[in-house]
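S.K.: Provided below are the primary sequence and the corresponding predicted coordinates.
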Amino acid sequence: KGKGKGKRHKLKKLLPKRKNHKQSPVTPTPAPPATSLPTAPPPPVVVLSFEENLEQHWIAEAGQQLAELEERLFGQDDIRDARELQEQVDKLENDYEKLYLHIWLMVENSFSLSADEKEGLQSASLCILQEEERDQRWKVETQRVPPFWRPRKCRKHFSNLLWKKVERRMENIVDEGEADGLSTSVKRDICRMGRRLQRDLLSVVRSVKTCYPPEFDICNVYARLYHAAFSLRLQKIADFVLDDDDCCYLLCWVHNLYPNDILKHEELEADINTSPLTCLLPEQIINQLEDQYLSHKESRVKTWILTTLENEEEGWAKAALPVKNDGCYHSEIAIDVIQFIDGVGREVKAISDNMHRVLKERLMPELQNFLQSYKRFLEEVMKGKQENCTAVVKANLPSIKLLRDYVQGNSEFFQEETEKHCLSLITEMESCAYAYLAGLMHEDLKLQYRALVTQAWLKDSETMMVNLVQQINSHLMGYRDLQTPCLQELVRRLHVEVVTEYTKRLLRKRLKLKDEKQQKEAANQVCFDSVSLQRLFSDHGSEEHWLGNLLQRVAEVLRLQDPSSVQLEIATLVNDYPDLSERHVGHLLYLKPTLPSKAIKDIRRSVLEYGGSLGDGQGRPFFSKVTLKTF
């Protein structure tokens, strides 16, 4: 009882003060006059009736009047006329109905109240708390029989009223203008509901919340009700078979617009706890919608990629030359494929980061299928006899590089085996394309290659090398219609291949150097050739400077005559080029018949025993490319 009195005192303090208004006609005791002069009489106390309080929207005061009457009717033990008592009880019940009607009207019109009417809503909310207190008092009463209308459960009725009000406001919305420009009725309905929810919640935090005591937590109550109403409406929409565009729009609201634009509005965040507001749709429905939408996007990407490859194949089959961009052959195939994948990815990322990841993971196998088809197409081109084959390969080399960069840059979306397979396909295409272009030059230089490191070469090496350099330079100039990164890579590969071919000719045991003079002449010729080749390829952008040094080192072996010096030079070669085998060394020493047989055996044995084990592990492979025939 002590606690109850304290709570009632607290509620009375919340009641707004009214001018010239008192709840009961209590006559104040006047203070004795200070002088004998006559004093003005005090202003009369105006006591409003129950009906007058309701008319003024002083609902808490009207409720207090009914409470006092309830106490008198059900708190006396004397015997009264039963008929008179029943009439008073009936009138009290009827007045309670009037009171509740005014409360519900205030609550119903919360979003459109004038300033004076907002005082009425504040009074109504206090009355609800008073009614809850009275329910609790009668619940613990043991001496008296409570009225039959107790407990009235005013707070529960209030919650039900709010729910019905929110449901009505989320139905048949026609006044949210920004939805009118949307293409389908489904989109318009979703947009109108979402914007109605946002505007109503803003009204709650800006205005309505000031009419409720903190006990109501009214902002979060409204937020939970609107969330539930929006969720139910969206579930009904999702029950229908949605087209892909409507499905996308619905998912956009569920994953993005509602949690980010609505709930994270700066004014709402300050008053609403969003953590209990879970996803708008059940997980099962979301999974179905996401699968429908992602399957649609996956199918579109697959179709676009297939069409792009078919267009590339059709252009080649018609013997059409690829377009040129800044004087270089160019193909859009890789750009188109990547834009298809990333463009759809951006659309999905606007909905959900998780959906974006799932889509990219689903598209990577499609990329693998494309690479397999693309590889078959390029193989057909390189086998072809049409005049545009070389141009088509040149145009597609940059696309292969772009696809490699894309796969490596998106490794997080690949399964490990898929990524490995994709990179393997790209490497094979790249190697075949460069080998095809290099083969055009090597095929044309067969005669010049055959003349290298022969007895005729020993007599007139400079003339042969000048002719070879001129022929190579002519071919390199013919590759200028390759885009720069691919041209640099081709020049690099050609540099390695030409030096490899030269070394192979040097070690093939076709040249006989009978004495020291011929060996030194051959060493000089190798040095001259090395410088000529290095200058040629450097002028065209090769940075493989180590190749020139390699031939100089081989020439030094030819020049040296002291067995121990030869052995030391070969040892350093083995350490610098760990793939220099005993067989390679044997073929190189074949050019030095002046060495004692024992020295040759010792050198070959040391290569077998130690190989490159004395090196620092920084050696560069080269001689594994130099294949030697068995004699």
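M.R.: That came through, no problem.

S.K.: Which positions in stretch 95-108 come out as buried?
M.R.: Of all the residues in stretch 95-108, those buried under the rule 16 or more other C-beta atoms under 10 Å are Asp95, Tyr96, Leu99, Tyr100, His102, Ile103, Met106, Val107. Every C-beta, even on glycine, is put in place using the N, C-alpha and C of the backbone.

S.K.: Would you convert these into TSV that also reports pLDDT?
M.R.: Formatted as TSV, these follow (pLDDT from 0 to 100):
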residue	pLDDT
Asp95	85
Tyr96	82
Leu99	84
Tyr100	87
His102	88
Ile103	86
Met106	87
Val107	88
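
S.K.: mean confidence for stretch 438-451?
M.R.: Averaging pLDDT along stretch 438-451 gives 94.

S.K.: Which positions in it come out as buried?
M.R.: Per 16+ other C-beta under 10 Å, stretch 438-451 contains these buried residues: Ala438, Met441, Leu445, Gln448.

S.K.: Now Thr308: closest residue in space, sequence neighbours ignored.
M.R.: Computed as C-beta to C-beta, 6 or more residues apart in numbering, the closest residue to Thr308 that is not its neighbour in sequence is Asp336, at 4.7 Å.

S.K.: Determine which two of the buried residues of stretch 95-108 are furthest apart.
M.R.: The span of these, defined through C-beta to C-beta, is set by Asp95 and Val107 at 19.0 Å.

S.K.: so Thr234 sits right up against Val254, yeah?
M.R.: In this structure residue 234 is Leu, not Thr. Yes. Contact criterion C-beta atoms under 8 Å: Leu234 and Val254 qualify, at 7.2 Å.

S.K.: The two: who's more crowded?
M.R.: Using other C-beta atoms under 10 Å as the criterion, Leu234 and Val254 rank with Val254 on top: 24 against 21.

S.K.: what's the closest non-adjacent residue to the more buried one?
M.R.: Nearest to Val254 is Leu280, by C-beta to C-beta, 6+ apart, at 4.9 Å.

S.K.: Contact partners for the one you found?
M.R.: Leu280 makes contact with His227, Phe230, Ser231, Leu234, Trp253, Val254, Tyr258 under the criterion C-beta atoms under 8 Å, 6 or more residues apart in numbering.

S.K.: 10 Å - rerun?
M.R.: 194, 227-228, 230-235, 238, 250, 253-255, 258-259, 286 (C-beta atoms under 10 Å, 6 or more residues apart in numbering).

S.K.: can you check Gln534 too?
M.R.: His495, Val499, Ser542, Glu544, His545, Trp546, Leu547, Gly548, Asn549, Leu551, Gln552.

S.K.: Just the buried residues from these, in ChimeraX please.
M.R.: Of those, the buried ones can be selected in ChimeraX as follows, counting by 16+ other C-beta under 10 Å:
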select :495,499,542,544,547,548,551
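
S.K.: any weak-confidence spans in this protein?
M.R.: Within the chain, the ranges that satisfy pLDDT under 70 run 1-46, 75-81, 141-143, 145-146, 148-149, 175-178, 610-618, 630-631.

S.K.: 50 instead, please
M.R.: Counting by pLDDT under 50, the chain contains low-confidence ranges at 1-29, 34-35, 614-615, 631.

S.K.: how close does the residue most central in space within it get to Cys252?
M.R.: Centroid-nearest residue in the chain, with C-alpha atoms, centre = their mean: Asp353, separated by 4.3 Å. The gap separating Asp353 from Cys252 is 13 Å, by C-beta to C-beta, to the nearest Å.

S.K.: With respect to Leu263, which of the buried residues of stretch 438-451 is nearest?
M.R.: Once C-beta to C-beta is applied, the member of the buried residues of stretch 438-451 that ends up nearest Leu263 is Ala438, at 61.4 Å.

S.K.: ok now do that closest one, which residues does it touch?
M.R.: Neighbours of Ala438 in contact, by C-beta under 10 Å, 6+ apart: His475, Tyr479, Leu490, Arg493, Leu494, Val496, Glu497, Val498.

S.K.: Likewise for Ser185?
M.R.: If you count contacts by C-beta under 10 Å, 6+ apart, Ser185 has them with Ala179, Asp246.

S.K.: one step back: tell me the one of the contacts of Ala438 nearest Asp405?
M.R.: Using C-beta to C-beta, those come closest to Asp405 at Leu490, 17.8 Å.

S.K.: close enough to count as contact, the closest one and Pro398?
M.R.: No. The criterion here is C-beta atoms under 10 Å, and Leu490 misses it with Pro398 at 11.6 Å.

S.K.: Return every residue with contacts to both of those two.
M.R.: With contacts taken as C-beta under 10 Å, 6+ apart, Leu490 and Pro398 have Leu482 as neighbours in common.

S.K.: re earlier: find residues that contact each of Leu234 and Val254.
M.R.: Counting by C-beta under 10 Å, 6+ apart, the residues touching both Leu234 and Val254 are Ile190, Leu280, Leu281, Ile285.

S.K.: circling back to that earlier point, secondary structure class of the residue nearest to Val254, three-state.
M.R.: coil (DSSP: H, G, I helix; E, B strand; the rest coil).

S.K.: Torsion angles phi and psi at it?
M.R.: Dihedral pair for Leu280: phi -70, psi -30, per degrees, to the nearest 10.

S.K.: rewinding a little: in helices, which of the contacts of Ala438 appear?
M.R.: Within those, residues falling in helices by DSSP state H are His475, Leu490, Arg493, Leu494, Val496, Glu497, Val498.

S.K.: which of those residues lies closest to His157?
M.R.: Proximity of the ones in helices among the contacts of Ala438 to His157 (C-beta to C-beta) peaks at Leu490, which lies at 83.7 Å.

S.K.: Report the contact partners of that closest one.
M.R.: Applying C-beta under 10 Å, 6+ apart to Leu490 gives the contacts 394, 397, 433-434, 437-438, 441, 476, 479, 482, 540-542.

S.K.: Can you tell me which of these are buried?
M.R.: Buried subset of these (neighbour count, 16+ other C-beta under 10 Å): Lys394, Leu397, Ala433, Tyr434, Leu437, Ala438, Met441, Leu476, Tyr479, Leu482, His540, Ser542.

S.K.: Which of the helices or strands spans the fourth one?
M.R.: When secondary structure is defined using DSSP states H and E, the element that contains Tyr434 is helix 416-444.

S.K.: Helix or strand next in line after that helix, which one?
M.R.: Next along the chain after helix 416-444, taking DSSP H and E as the criterion, comes helix 446-451.

S.K.: Residues in contact with that next one: which ones?
M.R.: By C-beta under 10 Å, 6+ apart, the residues outside helix 446-451 that reach it are 442, 457, 460-461, 464-465, 467-472, 498, 501-502, 504-505, 510.
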